[in-house]
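1. following is a predicted model, sequence given first.
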Amino acid sequence: MTEADVNRRLGQRIRLLRCLADLSQAQLARRVFMSRPSIAKIELGHQGITAWMLFKLSAALCVPTHIWLYEEQDWLRYPLTERNER
C-alpha cells in the first residue's frame, strides 16, 4: 500500500462519516478550522493529513480516534450506535 492509497482510503472514510453525520464540507471545515477546498482535497485523497487533524476530525465527527486505524472490513462492523454516543 502506498501513501497515496492511504490518503485515498482516509479521504473516503472521512467523506462517509461526514455524510453519516449529515454535514456539508463547509460545516465540517468550520468545525475543524480548515477551508472547504482543503476538506474536498482530503476527501479525494489529494491532500495528506496529520495525526492532529485526525484527532480534530474525530471530535468533529463524533467518532473515536482509533477508528482511523481499523481495516475497512473491521470498520464496517463498528456499530453506528457507538459512533453516535460520543
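-> The structure has been received and is ready for your questions.

2. CA only for contacts and neighbour counts going forward, please
-> Will do.

3. so who does the spatially closest residue to residue 9 that is not a sequence neighbour touch?
-> When the adjacent residues along the chain are set aside, residue 9 lies closest to residue 45, with 7.2 Å between them (Cα to Cα, 6 or more residues apart in numbering). If you count contacts by Cα atoms under 8 Å, 6 or more residues apart in numbering, residue 45 has them with 4-5, 7-12.

4. what about those, which one has the most neighbours?
-> Among those, the one with the most neighbours (other Cα atoms under 10 Å) is residue 11, at 23 neighbours.

5. buried stuff in stretch 48-68?
-> Judged by neighbour count (16 or more other Cα atoms under 10 Å), stretch 48-68 contains these buried residues: 48, 54-58, 60-63, 67-68.

6. report the rounded mean pLDDT for the lengthiest helix in the chain.
-> Using DSSP state H to assign secondary structure, the helix with the most residues in the chain is helix 3-20. Helix 3-20 shows a mean pLDDT of 93.

7. what does stretch 40-57 give?
-> Rounded mean pLDDT across stretch 40-57 is 95.

8. with just CA atoms, put that stretch into PDB.
-> Provided in PDB are the C-alpha atoms of stretch 40-57 (Å, rounded to 0.1, in the frame of the first residue of the first chain):
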ATOM      1  CA  ALA A  40     -12.600  18.400  -0.600                       C
ATOM      2  CA  LYS A  41      -8.900  17.700  -1.300                       C
ATOM      3  CA  ILE A  42      -8.600  15.400   1.700                       C
ATOM      4  CA  GLU A  43     -11.800  13.500   0.800                       C
ATOM      5  CA  LEU A  44     -10.400  13.000  -2.700                       C
ATOM      6  CA  GLY A  45      -7.100  11.700  -1.300                       C
ATOM      7  CA  HIS A  46      -5.200  14.600  -2.900                       C
ATOM      8  CA  GLN A  47      -4.000  16.000   0.400                       C
ATOM      9  CA  GLY A  48      -2.500  14.100   3.300                       C
ATOM     10  CA  ILE A  49      -3.400  14.900   6.800                       C
ATOM     11  CA  THR A  50      -1.600  14.900  10.200                       C
ATOM     12  CA  ALA A  51      -2.400  12.900  13.300                       C
ATOM     13  CA  TRP A  52      -3.600  16.200  14.900                       C
ATOM     14  CA  MET A  53      -6.100  16.700  12.100                       C
ATOM     15  CA  LEU A  54      -7.400  13.100  12.500                       C
ATOM     16  CA  PHE A  55      -7.800  14.000  16.200                       C
ATOM     17  CA  LYS A  56      -9.800  17.100  15.300                       C
ATOM     18  CA  LEU A  57     -11.900  15.200  12.700                       C
END
